[in-house]
Every structure is written in structure tokens, then in C-alpha cells.
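A.B. asks: Quick check, what structure comes out for this input:
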Amino acid sequence: MRYNREVKAAVAVLALLVALGAAAEIGTRVLLDGAVRAAADLGLRRASSDGGGFADVTGDARGWALPDLLRGRLTGVDVVAVDGELGGLPVGRLSGSTGAVDLGTRQADDVVVVADTDPGALLDTAGELAGADLSGGEVTTAGADTLRFSGEVAGTPVEADVLVAPDGAGGLVATVRSARAAGAAVDPSLLPRSEAALLGPADLPPGFSVTGAEVTSAPDGAPVLRVTLECPDRCDLAGTG
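C.D. replies: Here you go, the predicted model:
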């Protein structure tokens, strides 16, 4: 009987310790995730051209909150933001994921950011390239990395197929691949401009560069320009400013 009482007492103590540990983990998790969201919001404001940031930002730390804080190194952080802009590029949805984060230096081992933008926001840029007002036009998909901008100028249908891709120097560039007026081909070299920078290295946080761009579709079938940005090593999450 005494043995059974000792076992029961040990189990009760163990259950209490587990409950206390769980409560501490939950409390720490709430505080940590709140800090992650605040830091992500500040970082995105600093990465936007006007300091406006995003309308809504959520952030969560991966791994176990309490052990990570005790060792001063987070397993990683995930962030999602909607309705904002990044370096002047309008973004409908942004998701970011980091590697391990050192809380002392506020540096991440690596960061990958995926930003989805409505190509309609690029109609003015396409119009500048084509030498036509396409602000009231439409955008369709012309390939995995190409958008087709179309409109009408003085009653004449105008189209421009624009390749959107990394520029090789860390930025994002739009290049006219082909153009048509009233169905007839127009030599892109005859256009006012055949290329326009959408994002330059100076528009991005230090250490980040554009590594990919693809044209995909939203659930309703509308085209979406998806841009990938990466920081491969020692990424400063403290921001500047």
C-alpha cells in the first residue's frame, strides 16, 4: 500500500511539473509570437518605400518557445502579411520564413520571402514601355514568366508581352518581349523603352535579392505575379532607420 501511495505521489508531482511547464510554454509562446509580429511589422515598414508597411501582419516562432529563449536562439520565424508594398512594388500577400535566429545579434541564418502582386498594378509601367496609355486595359498570362498587357489607343488595339525576371544584379526587371498594334507586330526596339526596373537592389533590405519571378493564378483564375526574394546568410532582422 505504501508503495502504491508513493507511486501515486510521484505521478501527481510529475503531472504538476508537466502542467507548470506547459503553462510556462504557453505563456512564453504568447509573448514571443507577439514580439515576432511587432518586429515583422516594423521590418516591413522599413522595407516599404513610404513607411506604410502592410495592413495586416501575423508572425509566429517555430520550435519550443521557452527552451529557445533560454538558449538565445529561435528555431525559426514565419510571417504572413497582406495588402502593402515592398520597395515600391504593390503586394497583395507576402509570406516569409527564416532559418535559426540569434536573439543577441538579431540575425537569421537565412530568409526566404515570397510576394504576390496583382499585375494590374503594373499597367502604368507596361504603358510606359509600349508608349501607350494602358491604365484602363487588362492583364492576362502569356507564359510562365510573361504577362500580356492590352488596351486601346485612339481606337487601335495595342498589346505588349512583358517578361518579368530577376535582373542578375539582385533586382527585378520588366522587358518587352513582343508588341502589336492593330494586330501587326511592332519591333520592341522601336518602342520608347524596352525595359523598366520594378525593384532595384537599393529598394530591398540589405542582403536581400530577387531570385525568382513567375506568373501564376489566383483561385479566381486571375493572373498573379509571384516574386521570390532571398537573403542567404547572416540576415539582419533589426532593420535600419
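A.B. asks: does the residue lying closest to G137 once chain neighbours are set aside count as helix, strand or coil?
C.D. replies: The shortest distance from G137 to any non-neighbouring residue, by Cβ to Cβ, 6 or more residues apart in numbering, is to G151 (3.0 Å). Glycine gets a C-beta too; all of them are placed from N, C-alpha and C. Three-state assignment for G151 (DSSP: H, G, I helix; E, B strand; the rest coil): strand.
A.B. asks: Quick one: residues contacting G151.
C.D. replies: Neighbouring residues of G151 by Cβ atoms under 8 Å, 6 or more residues apart in numbering: 123, 127, 132-138, 157-158.
A.B. asks: next one: E214
C.D. replies: 144-145, 225-226.
A.B. asks: what domains does the record give for the protein?
C.D. replies: 2-113, 119-206+223-231 (automatic domain parsing).
A.B. asks: Point out where this structure drops to low pLDDT.
C.D. replies: Low-confidence segments of the chain (pLDDT under 70): 1-39, 41-42, 63-66, 238-241.
A.B. asks: Helices of that one, start to end?
C.D. replies: 2-47, 65-71, 123-130 (DSSP state H).
A.B. asks: which stretch among the domains of the chain comes nearest G212?
C.D. replies: Nearest of these to G212, taken as Cβ to Cβ: domain 119-206+223-231 at 3.8 Å.
A.B. asks: Quick check: end-to-end length of that closest one?
C.D. replies: Using Cα to Cα, to the nearest Å, the end-to-end distance of domain 119-206+223-231 comes to 25 Å.
A.B. asks: do the same with stretch 158-174
C.D. replies: In terms of Cα to Cα, the two terminal residues of stretch 158-174 are separated by 18 Å.
A.B. asks: Any buried residues in it, and which?
C.D. replies: Going by neighbour count (16 or more other Cβ atoms under 10 Å), the buried part of stretch 158-174 is 158-167, 170-174.
A.B. asks: repeat for stretch 92-101
C.D. replies: Under 16+ other Cβ under 10 Å, the buried positions of stretch 92-101 are 92-94, 96-101.
A.B. asks: which residues sit against it?
C.D. replies: The contact list for stretch 92-101 (Cβ under 8 Å, 6+ apart) reads 40, 44, 54, 73-84, 86, 107-118, 224, 235, 237.
A.B. asks: Now it - C-alpha only, CSV.
C.D. replies: Provided in CSV are the C-alpha atoms of stretch 92-101 (Å, rounded to 0.1, in the frame of the first residue of the first chain):
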residue,chain,number,x,y,z
GLY,A,92,-1.3,41.6,-52.0
ARG,A,93,0.2,38.8,-49.9
LEU,A,94,3.6,38.2,-48.5
SER,A,95,5.0,35.2,-46.7
GLY,A,96,8.4,34.9,-45.2
SER,A,97,10.3,32.1,-43.4
THR,A,98,13.7,32.3,-41.6
GLY,A,99,16.3,29.9,-40.5
ALA,A,100,17.5,30.0,-37.0
VAL,A,101,17.6,33.5,-35.4
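A.B. asks: Can you select the buried ones from the contacts of stretch 92-101 in ChimeraX?
C.D. replies: Applied in ChimeraX, the following selects the buried portion of these according to 16+ other Cβ under 10 Å:
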select :40,44,54,74,76,77,79,80,81,84,86,107,108,109,110,111,112,113,114,115,116,117,118,224,235,237
